[in-house]
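> mind folding the following:
(one chain, ligands or ions: 2)
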Amino acid sequence: MYFATLASGSSGNAILVGQNNRSLMVDCGIATKRILANLDVINIAAGQLEGIVITHEHSDHIKGVGTLARKLKIPVYATAGLWDELEDKIGTLRPEQKNIIGRSFELAGMKINLFATSHDSRESYGLKIISHDAALGIATDSGMITEEMHRHLQGCDAYVVEANHDVERLWQGRYPYHLKKRVSGNRGHLSNVQLAEGLIEWLDENTKKVVLAHLSEENNTPQIALATVVDILRDSRIRRKCQSLKIRVAPRHCPHELIDLSS
Ligand SMILES: [Zn+2]
Ligand SMILES: [Zn+2]
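Ligands and ions are numbered 1, 2, ... in the order given. Presented below is the predicted three-dimensional model:
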């Protein structure tokens, strides 16, 4: 299995996940032109994309979905509840491009399990994507770590997970009070510390990579997110377990290098 974030944060999110030259995209919150350019950067042919899976209906996750699906003639996968919200927002697709999914399905030769996150959208999901050689846990846009997140995110080989804000920066920052409440609330976004506490429960000796994603431009920096998570993990009981673990931050507008979990 290989993966890369193509863009990450409130200005747009997309994650490429593939195996054996068959790929899927998780969300598509940036313009088609940029998606295609960013795929080019990581040497992934757009022709290997077999579908787009939607985590929730916020525009930073879906604003490029309709255009990309129409251009590449690929299907879109979302729950029935999310389709109620998507219909108006992504424009017309051919009937065969609309796939209503349950909590478990297969795409591009990989198994995908959906689990609920806690977010102020109609519905919101994280994903565990399993190939023949690896498991990738993806969870952004959650105000708290849900029971379902704990159940599904144990012992993955890699993670793309939200480290949205530094709590102090958020409360001392420029956001109006209602927005501070929203971001830090149970249906908002995960702080660096909340995520680190989740990782302590999830990581095991097989975990190779953690990509910190969906960082707030205003209330976080890549340096603060990385230092906070690394410090908490270093001081925790799992320190010895994760000798081969590498942690990095997802860039906001461009891809990080393609991470190949089979090598
Ligand atoms: Zn988002
Ligand atoms: Zn959201």
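> quick one: the helices in the stretch 1-150 of the chain?
In the stretch 1-150 of the chain, the segments counted as helices under DSSP state H, counting those that start in this stretch are 32-41, 59-62, 65-72, 80-90, 147-152.
> closest one to ligand 1 among those helices?
helix 59-62 (4.4 Å; CB to the ion). C-beta coordinates here come from the backbone N, C-alpha and C atoms, glycine included.
> what average pLDDT does that closest one get?
Helix 59-62 shows an average pLDDT of 98 in the prediction.
> next, the buried residues of that helix.
For helix 59-62, burial by neighbour count (16 or more other CB atoms under 10 Å) applies to Asp60, His61, Ile62.
> how far does it sit from the chain's center?
Helix 59-62 sits 12 Å away from the centroid of its parent chain (CA atoms, centre = their mean, to the nearest Å).
> that older thread, including distance to Arg187, could the helices of the stretch 1-150 of the chain go into TSV?
As requested, the helices of the stretch 1-150 of the chain are exported to TSV (distance: least, CB to CB, whole Å):
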stretch	distance to Arg187
helix 32-41	28
helix 59-62	15
helix 65-72	23
helix 80-90	16
helix 147-152	14
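> show me what from the stretch 51-200 of the chain comes close to ligand 1.
Asp60, Asp141 (CB under 5 Å from the ion).
> need the residues of the stretch 51-200 of the chain near ligand 2, please.
So the stretch 51-200 of the chain meets ligand 2 at His58, Asp141 (CB under 5 Å from the ion).
> show me the contacts for the one residue in the stretch 151-263 of the chain that gets nearest to ligand 2.
Residue of the stretch 151-263 of the chain nearest ligand 2, by CB to the ion: His189 (7.8 Å). Neighbour list for His189: Asp141, Ser142, Gly143, Glu162, Asn164, His165, Val183, His214, Ser216 [criterion: CB atoms under 8 Å, 6 or more residues apart in numbering].
> separate out the buried members of the residues you listed.
The neighbour-count test (16+ other CB under 10 Å) marks Asp141, Ser142, Gly143, Glu162, Asn164, His165, Val183, His214, Ser216 as buried among these.
> wait, a helix at the last one?
So the one you mean is Ser216. No. Counting by DSSP: H, G, I helix; E, B strand; the rest coil, Ser216 falls outside a helix, being coil.
> tell me the contacts of it?
So Ser216 contacts Gly9, Ser10, Asn164, His165, Leu170, Val183, His189 (CB under 8 Å, 6+ apart).
> try 7 Å
By CB atoms under 7 Å, 6 or more residues apart in numbering, the contact set of Ser216 is Asn164, His165.
> leaving aside the residues adjacent along the chain, what's closest to the residue of the stretch 101-250 of the chain found nearest ligand 2?
At 3.9 Å from ligand 2, Asp141 is the closest residue in the stretch 101-250 of the chain, using CB to the ion. Distances taken as CB to CB, 6 or more residues apart in numbering place His119 nearest to Asp141, at 4.7 Å, with adjacent residues excluded.
> I'd say that neighbour and His56 touch.
Yes. Counting by CB atoms under 7 Å, His56 is a contact partner of His119 at 6.3 Å.
> overlap in contacts, the two.
Asp141.
> where does the stretch 101-250 of the chain have low pLDDT?
Along the stretch 101-250 of the chain, the model assigns pLDDT under 70 to no residue.
> Ile54 contacts Pro75, correct?
No. Shown here, Ile54 and Pro75 do not form a contact pair, counting by CB under 7 Å, at 11.2 Å.
> neighbour count winner among those two?
Using other CB atoms under 10 Å as the criterion, Ile54 and Pro75 rank with Ile54 on top: 24 against 18.
> quick one, what contacts that one?
Asp27, His61, Ile62, Val65, Val76, Tyr77, Ala78, Leu82, Leu86.
> ok, the first one - how many residues close by?
Spelled out, it's Asp27. By other CB under 10 Å, 28 other residues sit near Asp27.
> and the gap between it and ligand 2?
Distance of Asp27 to ligand 2, computed by CB to the ion, to the nearest Å: 10 Å.
> cool, the last one as well?
From Leu86 across to ligand 2, the span is 14 Å (CB to the ion).
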